[in-house]
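Asks: Got a sequence here, can you model it:
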Amino acid sequence: MRVLLVTLVFALAGMLVVDLEPAAAPPQPAAGAAMRVKVAAKTVEVAFVRNGRLVHVERVVPKGVAPEVHALRELTQGPTRAERAKRISTALRPGVRLRSIRADGELWLASFSRPLFGVGTASTVRTRVAQIAATLTWLGGKEYATIAAEGRLVTTLRLGLRPGAWRPERGENGYFYDIRGLQLRLFLLGFLERSAVTGTVDYETSQALLAFQGWEGLGRTGTVTGQTQVELLRATRPVPARRGNGSRIEIHRDRGVLLLVEGREVLRAVHTSTGAYGATPTGAFRVYRKELLSWSVPFKVWMPYAAYFVGGIATHEYAYVPEYPASHGCVRLPAGDAERVYRFVEVGTPVDVF
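Replies: Below you'll find the model as predicted:
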C-alpha cells in the first residue's frame with residue numbers, strides 16, 4: 001500500500017514511470033508434501049532514469065545492512081548491465097559515494113562525496129537531487145531530507161514533492177548551497193518561520209543565521225560560512241536549559257539567543273542583543289507589564305512590543321540588533337520576532353536569563 005501511494009504521488013507530479021511485470025504463478029506443492037514457509041527478503045526501491053523520467057528498481061537488502069544505507073549505495077553504483085540494456089540510466093556521476101545517512105525525527109540527513117554537485121547542467125543536477133529524494137521517499141517514514149556534500153549542507157527537500165529548479169549559491173571553497181533548502185533547514189531547527197522560506201536571502205534569514213550561529217558557538221556573521229554549512233547538517237533543535245511546564249522564555253546572553261519554550265519543547269529560537277557589560281541581570285523573573293508601544297524616559301526612545309520582566313528592563317523591538325551585547329540592559333529583538341515574543345508571553349510568564 002505504501003509503494004502504491006508514493007507511486008501515485010510521483011506519477012501525478014509527472015516524474016515517474018513504473019515498470020510492472022506480472023509475476024510468474026507460484027509452483028504448487030506436491031500432494032502430501034510438507035509446506036515450507038519462506039520469509040521474503042527485505043527490499044528497497046532505487047530511483048533511476050529512463051526517457052527523462054524517474055523509474056524505480058528493486059534491490060534486495062543484505063543481512064546486517066540498514067535499508068537506507070543499501071538504497072543510497074545502490075543509487076550511487078548505478079543501474080546494472082541488464083537495466084542499462086533496457087535504457088535505464090542515472091544522472092549521478094561515476095565516483096559519487098555515500099558518506100553517511102542518518103535519521104533525525106521526521107528528517108533524513110544524507111551526505112555524499114563532493115562530485116555529487118560537480119560538473120553538470122542545472123537540469124542534470126536537479127535530476128540527481130530528484131533521484132535521491134525519490135529513493136528516500138520510497139523508504140518511507142520521513143517528511144524531509146537534507147542533502148550534503150562532504151558533510152556540508154547543500155539543500156533540504158520536502159519528500160514527495162518535485163524538487164524545484166537548481167539555482168545554487170557558491171559558498172566557501174566553492175561548496176554549493178541552495179538558499180531555499182538552507183531556509184527550510186533553519187525552519188526545521190526552529191530558527192525561522194515557515195512563511196520565511198522564500199528562496200531569497202533577506203533580513204529574516206540573516207537574523208535566523210545569527211541566532212543559529214550564536215546557539216552553535218560559531219562566528220556570528222549572519223551569512224552562510226563554511227562552518228555554518230557543516231553545523232547545519234550536524235545540528236539538532238535547541239533544548240531549553242530548565243525543565244518546566246507551560247509557556248516561558250529563556251534568554252541566553254552569551255549566545256545572543258532568546259528561546260520561546262512550551263513545556264520541554266523549543267518553539268522558536270530568536271536572535272537578540274542584551275545589555276553591554278552584563279547590564280541584563282541573570283536570574284528567574286516573570287513578565288510584569290506589557291506595552292504595545294513603550295516610551296523610555298531615560299533614553300527618550302520608543303520601544304515597540306515591550307514586555308518588562310525586571311525593573312525597567314524589557315524585551316522589545318529595536319532597529320539595530322548586533323551580534324554582541326549592546327543595550328543599556330533591555331533585550332533587543334529584530335522586527336517580526338519582537339512581535340512574536342510579545343504575542344507569546346503574558347503577564348506572569350516566567351523569564352529565565354542565563
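Asks: center of the protein - which residue?
Replies: Residue closest to the mean C-alpha point of the chain, counted by Cα atoms, centre = their mean, is residue 185 at 2.5 Å.
Asks: what sits against it?
Replies: 146, 153, 156, 232 (Cβ atoms under 8 Å, 6 or more residues apart in numbering). C-beta: built from backbone N, CA, C; applies to glycine.
Asks: Repeat the analysis, applying 10 Å as the threshold.
Replies: Residue 185 sits next to 107, 109, 144, 146, 153, 155-156, 177-178, 191-192, 197, 212, 232-233, 235 when contact means Cβ atoms under 10 Å, 6 or more residues apart in numbering.
Asks: Residue 186 too?
Replies: 156, 192-193, 196-197, 204-205, 208-209, 211-212, 232, 235, 269.
Asks: A strand includes the residue nearest to the centre of the chain, no?
Replies: No: per DSSP: H, G, I helix; E, B strand; the rest coil, residue 185 lies outside any strand segment and is helix.
Asks: how far away is it from residue 153?
Replies: According to Cβ to Cβ, to the nearest Å, residue 185 stands 6 Å off from residue 153.
Asks: Any chance you could list residues touching both of those two?
Replies: With Cβ under 10 Å, 6+ apart, residue 185 and residue 153 have common neighbours 109, 146, 177-178, 232-233, 235.
Asks: biggest separation within those, which pair?
Replies: Pairwise distances across the shared contacts of residue 185 and residue 153 (Cβ to Cβ) peak at 17.3 Å, for the pair 178 and 235.
Asks: When these two are compared, which one has more neighbours?
Replies: residue 178 (25 against 20; other Cβ atoms under 10 Å).
Asks: what residues are up against residue 259?
Replies: With Cβ under 10 Å, 6+ apart, residue 259 has these contacts: 190, 211, 215, 238-241, 248-252, 266-270, 272, 352.
Asks: Out of those residues, list just those in helices.
Replies: Taking DSSP state H as the definition of helices, the contacts of residue 259 contribute 211, 215.
Asks: Could you give me the ChimeraX selection string for whichever of the contacts of residue 259 are buried?
Replies: Only the buried entries of those go into this ChimeraX selection, using 16 or more other Cβ atoms under 10 Å:
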select :190,211,215,238,240,248,249,250,251,252,266,268,269,270,272,352
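Asks: From residue 88, how far out is residue 205?
Replies: Separation of residue 205 from residue 88 (Cβ to Cβ): 40 Å.
Asks: Give me the more crowded residue out of the two.
Replies: Counted by other Cβ under 10 Å, residue 205 and residue 88 do not tie: residue 205 has more neighbours, with 23 against 18.
Asks: Assign the more buried one to helix, strand or coil.
Replies: Residue 205 ends up helix, using three-state DSSP.
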